[in-house]
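>>> Structure, please.
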Amino acid sequence: MRWALVKVCLAVTAMVVIAFAVPLGLVIREMASDRAFSDAERQAGTIAPTLSITTDREELTRAVLSTEPGDRGHLAVHVPAPDRARSEDTDAEGAADGPLDIGTRRAAPEDVETVRKAGRASITEVTGGFALLQPTALSTGEIAVVEVFVPEGEVSNGVATAWLMLAGVGFALIVGSVAVADRLGVRMVQPAQRLAGAAQDLGEGRLGTRVPEEGPTELRSAAVAFNSMADQVVQLLAHERELAADLSHRLRTPLTVLRLNAASLGEGPAAEQTRAAVEQLEHEVDTIIRTAREQAQTQGGQAEAGCDVSEVIRERMGFWSALAEDEGREVRLAGVDRTARIPVARPELAAALDALLGNVFRHTPEGTAFAVDVHHSGDAVIVLVSDAGPGIDDPEAALARGASGRAGARGSVGSTGLGLDIVRRVAESTGGDLRIGRSVLGGTEVRIWIGLHGDRPERGRRGHGRRVGRRVGRQRREQNRPAAESPH
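Numbers count the residues shown, from 1 in each chain. From the prediction side, this is the model:
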């Protein structure tokens with residue numbers, strides 16, 4: 001499209017230049033010729049006063065040589081033989097006895113005679129140029145002919161220079177028009193190319209692709225429409241992911257209840273089938289969560305602005321409190337009265353908390369107390385999920401990717417191993433980490449370190465995080481010492 005526009009502009013400009021330059025060049029040539037012959041007529045007129053007074057050879061010779069063209073040999077005078085009868089009547093003094101030819105003759109005699117008889121000036125072509133033949137009346141009544149030689153160079157004087165200038169101007173116009181057409185083509189083609197590239201990128205799944213809204217009006221409108229369409233696609237996909245996550249969150253609590261109820265059915269084929277069905281359903285829910293998270297990571301990193309960790313914890317604890325009340329579990333919250341925004345999307349944090357709380361309900365006996373604490377450190381937020389259950393014998397194995405979420409826990413029935421992996425990814429996405437230790441309640445304590453700046457902390461900062469964790473542990477031991485000393 002760009003080169004087609006350049007070619008069209010080149011053709012049109014060339015036609016315009018030719019249409020104007022060729023006639024203008026011809027006009028310049030005619031003007032140069034007219035100027036040369038007008039000068040010749042003026043030069044021929046300078047000898048006319050002398051011819052009107054005398055036809056004496058010596059006088060005429062001096063008069064011819066005194067002129068600038070005569071001095072160069074470009075002026076000649078042709079005086080005819082006098083009419084004897086008229087000469088006697090007039091008794092013209094100094095009349096020539098025969099024809100006189102003064103100067104260098106270049107015109108043919110018949111051309112001179114034709115001008116004399118016609119009485120009109122004429123231009124005839126001679127060797128090396130042109131000859132202007134100008135008739136002039138003598139005092140005797142005869143007609144003399146003044147010949148002025150005009151060289152070829154004077155007739156075309158300045159024409160070559162003018163044509164070169166016209167050619168230069170025409171070439172400059174063509175080059176300028178091509179440059180302008182090229183710029184216009186770029187202005188039109190580049191937005192179209194960007195729009196096509198963005199459409200291809202969007203089709204390949206890069207949802208963050210947008211098009212600058214620039215260029216001609218039509219392309220700007222197309223860019224606006226494309227960006228609006230891309231935003232709607234992102235919103236639809238985000239809504240789909242949120243819906244999947246919300247459905248999975250809603251299913252976790254009844255699934256936990258079903259698992260607990262299935263565990264109390266005793267032995268028998270029906271009980272085993274029920275427990276297998278519950279495990280399969282739980283596996284499907286975990287698959288939905290995993291798929292939603294993988295899609296969120298694959299589809300261009302459309303990160304949300306973050307969330308308030310205290311608000312999310314209060315909301316999820318309100319969700320799980322009904323089941324805790326049914327099982328007689330004591331629940332304690334701490335540090336959630338203060339706003340703490342973290343660079344984690346709300347659905348991701350909610351999924352991580354549901355995974356940890358689900359582990360508590362799944363892997364500890366009914367009536368086991370648990371607590372969720374939030375602590376603020378300058379560049380991080382620490383979330384502690386503790387329980388008074390049997391604890392985990394091998395925390396390192398539990399943190400291994402793909403291992404059971406509560407591997408090694410006494411009385412554990414196992415899980416898909418997805419829960420702690422979800423929590424770890426949430427922490428590591430902010431530059432933090434996930435650790436498992438012994439809680440002051442006597443059971444397991446899962447500590448989530450969430451960085452506030454999204455950068456992986458340096459070694460010194462990690463040491464600072466461990467010191468903060470130890471200080472938080474000491475504070476919790478002071479607060480819960482009676483509970484820690486009581487038998488489980």
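
>>> so where's this structure uncertain?
Counting by pLDDT under 70, the chain has low-confidence residues at 1-6, 82-98, 186, 242, 244-250, 252-253, 289-305, 400-419, 453-488.

>>> those strands in it, which residues are they?
75-79, 100-103, 122-126, 129-137, 143-151, 307-308, 331-334, 341-342, 370-377, 380-387, 433-438, 444-451 (DSSP state E).

>>> With mean neighbour count and distance to residue 321 added, can I get the ones you listed in JSON lines?
Yep, even glycine has a C-beta here, placed from its N, CA and C like the rest. JSON lines is the format used below for these (neighbours: other CB atoms under 10 Å; distance: least, CB to CB, whole Å):
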{"stretch": "strand 75-79", "mean neighbour count": "24", "distance to residue 321": "127"}
{"stretch": "strand 100-103", "mean neighbour count": "20", "distance to residue 321": "132"}
{"stretch": "strand 122-126", "mean neighbour count": "16", "distance to residue 321": "120"}
{"stretch": "strand 129-137", "mean neighbour count": "21", "distance to residue 321": "118"}
{"stretch": "strand 143-151", "mean neighbour count": "24", "distance to residue 321": "117"}
{"stretch": "strand 307-308", "mean neighbour count": "18", "distance to residue 321": "19"}
{"stretch": "strand 331-334", "mean neighbour count": "15", "distance to residue 321": "6"}
{"stretch": "strand 341-342", "mean neighbour count": "18", "distance to residue 321": "23"}
{"stretch": "strand 370-377", "mean neighbour count": "21", "distance to residue 321": "11"}
{"stretch": "strand 380-387", "mean neighbour count": "24", "distance to residue 321": "15"}
{"stretch": "strand 433-438", "mean neighbour count": "17", "distance to residue 321": "24"}
{"stretch": "strand 444-451", "mean neighbour count": "25", "distance to residue 321": "19"}
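
>>> can I get those in TSV with distance to residue 210?
Formatted as TSV, those follow (distance: least, CB to CB, whole Å):
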stretch	distance to residue 210
strand 75-79	84
strand 100-103	89
strand 122-126	76
strand 129-137	75
strand 143-151	74
strand 307-308	25
strand 331-334	42
strand 341-342	27
strand 370-377	37
strand 380-387	32
strand 433-438	35
strand 444-451	29
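
>>> of all those strands, which lies closest to residue 62?
strand 100-103 (9.9 Å; CB to CB).

>>> Paired strands for that closest one, with orientation please.
Using DSSP bridges, strand 100-103 pairs in its sheet with strand 75-79 (antiparallel).

>>> what angle separates the strand it pairs with from strand 129-137?
40 degrees (axes from the mean of the first three to the mean of the last three CA atoms, to 10 degrees).

>>> tell me the angle of strand 75-79 relative to strand 143-151?
160 degrees.

>>> Tell me which residues are up against stretch 153-160.
25, 28-29, 32-33, 35-37, 39, 129-130 (CB atoms under 8 Å, 6 or more residues apart in numbering).

>>> Could you do stretch 210-230 as well?
Residues contacting stretch 210-230 (CB under 8 Å, 6+ apart): 187-188, 190-192, 194-195, 198-199, 202, 207, 209.

>>> Now with 6 Å, please.
188, 191, 194-195, 198, 202 (CB atoms under 6 Å, 6 or more residues apart in numbering).

>>> What residues sit buried inside that stretch?
The neighbour-count check on stretch 210-230 (16 or more other CB atoms under 10 Å) flags 211, 215, 219, 222-223, 226-227, 230 as buried.

>>> Format the residues you listed as CSV; extra columns: distance to residue 272.
Listed next are the buried residues of stretch 210-230 as CSV, based on distance: CB to CB, whole Å:
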residue, distance to residue 272
211, 58
215, 68
219, 66
222, 62
223, 61
226, 56
227, 56
230, 51
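
>>> quick check, nearest of the residues you listed to residue 398?
residue 230 (41.9 Å).

>>> related to what we said a few turns ago, which of the contacts of stretch 153-160 count as buried?
25, 28-29, 32-33, 36-37, 129-130.

>>> quick check, nearest of these to residue 448?
residue 25 (87.2 Å).

>>> Which residue is the nearest non-sequential neighbour of the closest one?
In space, and not counting its chain neighbours, residue 25 is closest to residue 163: 5.2 Å by CB to CB, 6 or more residues apart in numbering.

>>> do the same with residue 265
Using CB to CB, 6+ apart, the nearest residue to residue 265 is residue 271, at 3.8 Å.

>>> Surely the one you found and residue 264 touch.
No: counting by CB atoms under 6 Å, residue 271 stays clear of residue 264, with 9.1 Å between them.

>>> more crowded one of the two?
residue 271 (14 against 8; other CB atoms under 10 Å).

>>> distance of that one from residue 262?
7 Å (CB to CB, to the nearest Å).

>>> Wait, residue 251 touches residue 285, no?
Yes: contact criterion CB under 6 Å: residue 251 and residue 285 qualify, at 5.1 Å.

>>> These two - which one has more neighbours?
Of the pair residue 251 and residue 285, residue 285 is the one with more neighbours under other CB under 10 Å, namely 20 against 16.

>>> mind checking the end-to-end distance for stretch 370-385?
End-to-end span of stretch 370-385 (CA to CA, to the nearest Å): 7 Å.

>>> oh, I was asking about stretch 324-331
Terminal-residue distance, stretch 324-331 (CA to CA): 7 Å.

>>> circling back: what's the separation between the residue nearest to residue 25 and residue 157?
The value you get for residue 163 to residue 157, if CB to CB is used, is 13 Å.

>>> Also residue 343?
For residue 343, the distance to residue 157 - CB to CB - is 84 Å.

>>> neighbour-wise, which of the two wins?
Using other CB under 10 Å, the more surrounded residue of residue 343 and residue 157 is residue 343, with 17 against 14.

>>> Check the gap between the more buried one and residue 279 for me.
35 Å.

>>> next one: residue 452
From residue 452 over to residue 279 (counting by CB to CB), the distance is 38 Å.

>>> can you pull the contacts of residue 151?
If you count contacts by CB under 6 Å, 6+ apart, then residue 151 has residue 129 around it.

>>> let's see it at 8 Å
74, 128-129.

>>> just to revisit the earlier point, count the neighbours of the residue nearest to residue 25 for me.
Count around residue 163 with other CB under 10 Å applied: 17.

>>> That one against residue 28, yeah?
Yes: using CB atoms under 8 Å, residue 163 is in contact with residue 28, at 7.3 Å.

>>> Right, I'll call it a day here.
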